[in-house]
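# what follows is a predicted protein model with its sequence.
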Amino acid sequence: MKKNFARAFWHLFRGYWSSEHKWRARGLLAFVIGLNFASVYLLVRINSWYNEFYNALQAYQAGSFWPLVGEFTALAFLYIIIAVYAIYLRQMLQIKWRTWMTERYLSGWMKHQVYYRLQVLGSDTDNPDQRISEDINQFVTLTLQLLLGFLKQLTTLAAFGVVLWNLSGALTVPIGSHEFTIYGYMFWFSFLYSVAGTFCAHLVGRRLIGLNFDQQRFEADFRFNMMRVRENSESVAFYRGEPAEDVGFKERFARVIQNYWLLMRRTKLLNFYVNGYGQLAIIVPLVLAAPRYFGGAMQLGGLMQTVSAFGRVQDALSYFVDSYDTIAQLAAVIRRLASFTEHMERAQSLTDGVARERGGKDALALSGLDVALPDGRRLMRDCTLTLPAGSRVLVTGVSGSGKSTLLRTLAGIWPYGSGRVTLPEGSRILFLPQRPYLPLGTLRQALAYPQTAAAAGSQQAMEAALHDVGLGQLASRLDQTDDWSRILSLGEQQRLAFARVLLVRPQWVFLDEATSALDEPREQEMYDLLRERLPGLSIVSVGHRSTLFAQHDEELHLAGDGSWDVRAIAAVADA
Ligand SMILES: Nc1ncnc2c1ncn2[C@@H]1O[C@H](COP(=O)(O)OP(=O)(O)OP(=O)(O)O)[C@@H](O)[C@H]1O
């Protein structure tokens with residue numbers, strides 16, 4: 001498990017650091033590490049300044065006062081510059097790394113229609129949006145934070161450990177008739193103090209981890225509940241579901257508040273402890289060093305330097321123990337990202353069972369085509385068929401017989417099956433799903449999709465296309481940005497999709513229940529429009545309505561058990 005985890009981390013980590021940006025990235029990282037070392041060095045210098053300064057005060061050396069204040073100012077100034085840039089440059093590295101990873105994941109998610117295949121594979125529970133936006137950010141931030149933090153605190157511990165050791169001298173403790181000498185006793189005490197202190201903080205604070213986790217969960221539930229209502233506002237309004245929703249809201253919000261009270265109480269306890277511990281940390285080194293001070297082995301300067309060094313060693317040690325929370329967080333992020341990466345790689349490497357090529361002169365040819373489900377069940381078996389240019393074929397069959405899946409196979413987005421699909425060479429092909437997708441943005445962008453607004457056609461062509469499909473009233477709103485999939489009725493959206501066909505001017509069009517929300521006269525108008533404006537257009541439609549027969553010449557019927565047959569529509573009508 002640990003080995004897998006380390007491998008997963010390495011897999012996610014190494015990409016950027018061995019990419020084309022590796023030298024700049026490594027250089028920047030080395031520079032940031034160097035700045036961190038420099039800041040520790042300056043802290044050591046400031047720490048020994050305490051010694052000189054307080055000794056000068058104790059000896060009433062007025063002449064040393066201003067030079068020492070000047071030295072402190074210079075050291076502090078340098079420290080500020082270094083501390084600020086260490087953070088600024090770390091963030092720069094963070095943003096570069098995140099950009100690189102995000103771009104990689106976005107292109108991986110888009111490549112080979114992985115965003116769709118993940119759904120087909122049933123791996124969509126992974127919330128790709130969250131993985132790509134939040135988890136990558138967290139992975140990068142936490143990794144750098146831990147890596148640089150560890151290095152810095154390790155250096156601090158080593159540097160101030162030595163300072164403290166040198167300052168402590170030896171403490172002789174008489175026990176019975178024996179005398180024990182503890183060398184570097186201040187160092188050992190600071191060590192024990194931090195370990196014991198952090199352990200107690202853990203005892204008091206560990207419940208907070210679970211409580212915080214629950215808090216996030218309850219907040220998310222509450223938010224999700226409101227989002228559901230927003231998304232389904234019309235249904236809720238029709239049902240007059242406000243009282244039921246109100247109960248749901250209150251229940252979920254009560255959980256948020258209840259847990260927050262627990263969180264507050266536990267935080268109060270922890271704050272008592274943390275503040276007490278912090279105050280004690282001021283007095284403990286003084287008490288420990290006092291015997292040497294009063295014994296004359298140490299001057300005021302040494303005492304003050306000891307207090308400061310004690311604080312640094314203690315901070316550094318606490319950092320290691322406190323980091324377990326961050327490590328746990330990073331571990332969770334790595335687990336989520338690793339499983340997402342694995343699913344994505346699996347989806348990418350899923351080879352299409354059906355060979356797809358361009359070549360048939362103007363004709364669409366299927367040879368030995370099997371369309372299957374992920375579990376191996378065949379929806380269509382051994383289909384060999386040639387549809388010449390200008391064909392108008394209606395695919396029929398009972399619900400669930402595989403009509404849409406056949407279209408997916410022809411579109412090359414369905415990986416399960418075998419055989420060969422040969423698409424007409426050099427023809428433009430367009431697939432229209434039942435629910436047209438309208439991207440965010442202006443109506444012009446929605447109309448142009450999947451082309452860009454600039455490539456789709458002139459203002460005139462767009463307006464004409466809207467008029468042709470009976471949406472002339474929208475022509476003046478082409479540049480209006482809105483949530484068009486909410487504003488337009490499903491029937492209007494379907495007509496917009498027909499306007500897209502007029503703009504793309506394909507030679508082949510595949511319609512998957514693309515007129516299901518239109519009334520029959522409108523449906524006929526749309527088919528007539530295609531015939532009139534795009535003569536020679538080949539049409540393959542999926543649909544249930546009997547009126548569709550009149551728009552097609554042939555019927556491809558799927559029986560649902562894998563068998564299929566093609567018949568001329570006239571024959572169907574005569575029968
Ligand atoms: N991603 C998937 N994973 C597993 N099975 C699926 C998946 N998508 C579709 N199916 C199954 O494939 C079968 C055919 O579905 P398809 O949508 O092609 O049918 P259809 O003939 O178009 O139905 P309808 O007329 O109801 O639209 C159904 O039994 C469906 O449950």
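Sure thing, it's come through. Numbering: from 1, shown residues only.
# up against the ligand, what does the protein have?
Proximity of the chain to the ligand is confined to Val120, Leu373, Pro374, Leu379, Gly397, Ser399, Gly400, Ser401, Gly402, Lys403, Ser404, Thr405 under the rule Cβ under 6 Å from any ligand atom. C-betas here are computed from N, CA, C, even on glycine.
# so the third one sits against Val120, correct?
Yes - contact between Pro374 and Val120 holds when scored by Cβ atoms under 8 Å: they sit 7.2 Å apart.
# more neighbours, these two?
A side-by-side neighbour count of Pro374 and Val120, using other Cβ atoms under 10 Å, places Val120 first with 17 against 10.
# with Leu373 as the reference, measure out to that one.
Summarising the geometry, the distance separating Val120 from Leu373, computed by Cβ to Cβ, to the nearest Å, is 10 Å.
# what number of residues lie near Phe213?
12.
# measure it to the ligand for me?
33 Å (Cβ to the nearest ligand atom, to the nearest Å).
# secondary structure element for that residue?
When elements are defined using DSSP states H and E, Phe213 is found to belong to helix 185-231.
# low-confidence stretches in the stretch 1-150 of the chain?
For the stretch 1-150 of the chain, the stretches with pLDDT under 70 are 1-3, 123-126.
# apply 80 and report the result again.
Along the stretch 1-150 of the chain, the model assigns pLDDT under 80 to residues 1-5, 121-127.
# who are the contact partners of the residue located most distally from the centre of the chain?
For the chain, the C-alpha farthest from the mean C-alpha position belongs to Ser177; by Cα atoms, centre = their mean, that distance is 67.4 Å. Contact analysis of Ser177 by Cβ atoms under 8 Å, 6 or more residues apart in numbering lists nothing.
# neighbours of the residue lying closest to Leu534 once chain neighbours are set aside, just the number please.
Distances taken as Cβ to Cβ, 6 or more residues apart in numbering place Arg505 nearest to Leu534, at 6.2 Å, with adjacent residues excluded. Applying other Cβ under 10 Å, we find 12 other residues in the vicinity of Arg505.
# do the same with His21
One way to gauge burial is a neighbour count; for His21, by other Cβ under 10 Å, it gives 15.
# so it touches Lys96, yeah?
Yes - His21 is within contact range of Lys96, at 7.1 Å (criterion: Cβ under 8 Å).
# so what's the residue in the stretch 1-150 of the chain that the ligand sits nearest to up against?
Proximity of the stretch 1-150 of the chain to the ligand (Cβ to the nearest ligand atom) peaks at Val120, 4.5 Å away. Listed by Cβ under 8 Å, 6+ apart, the contact partners of Val120 are Pro374, Trp414, Pro415.
# where does the second one fall, secondary structure wise?
Under the criterion DSSP H and E, no helix or strand holds Trp414.
# which helix or strand in this structure has the lowest average pLDDT?
Least confident helix or strand, the chain: helix 569-574 with a mean of 57, by mean pLDDT, DSSP states H and E.
# correct me, but Leu167 touches Gln305?
Yes - applying Cβ under 8 Å as the test, Leu167 and Gln305 come out as touching, 6.2 Å apart.
# the more surrounded of the two?
The residue with the greater number of neighbours, taking Leu167 and Gln305 and applying other Cβ under 10 Å, is Gln305; the counts read 27 against 23.
# looks to me like the more buried one is in a strand.
No - the assignment for Gln305 is helix, going by DSSP: H, G, I helix; E, B strand; the rest coil, so no strand is present there.
# skip the chain neighbours and tell me the closest residue to Ala514.
Spatial nearest neighbour of Ala514, chain neighbours left out: Leu432 (4.2 Å); criterion: Cβ to Cβ, 6+ apart.
# give me the number of residues near the one you found?
Counted by other Cβ under 10 Å, the residues lying close to Leu432 total 20.
# ok, Gln329 - contacts?
Gln138, Leu142 are the contacts of Gln329 under Cβ under 8 Å, 6+ apart.
# helix/strand/coil for it?
Recorded secondary structure, Gln329: helix (three-state DSSP).
# please identify the helix or strand for Ser541.
strand 538-542.
# how about Phe310?
helix 300-349.
# pLDDT averaged over that helix - what is it?
Along helix 300-349, the predicted local confidence has a mean pLDDT of 84.
# buried stuff in the helix or strand just after that helix?
Helices and strands here follow DSSP H and E; after helix 300-349, the next one along the chain is strand 354-358. By neighbour count on 16 or more other Cβ atoms under 10 Å, the buried set for strand 354-358 is Val354.
# rounded mean pLDDT for strand 354-358, please.
Strand 354-358 shows an average pLDDT of 85 in the prediction.
# that one pairs with which strands, and in what direction?
For strand 354-358, sheet partners with direction are given as strand 417-423 (parallel), following DSSP bridges.
# can you tell me what sits against the strand it pairs with?
By Cβ under 8 Å, 6+ apart, the list of residues contacting strand 417-423 reads 353-360, 363-372, 380, 382-383, 409-410, 412, 429, 508.
# just how off-centre is it within its chain?
Here strand 417-423 shows a centroid-to-chain-centroid distance of 36 Å under the convention Cα atoms, centre = their mean, to the nearest Å.
# stretch 89-107 now?
Taking the mean of its C-alpha atoms, stretch 89-107 sits 12 Å from the chain's own mean (Cα atoms, centre = their mean).
# perfect, that will be all.
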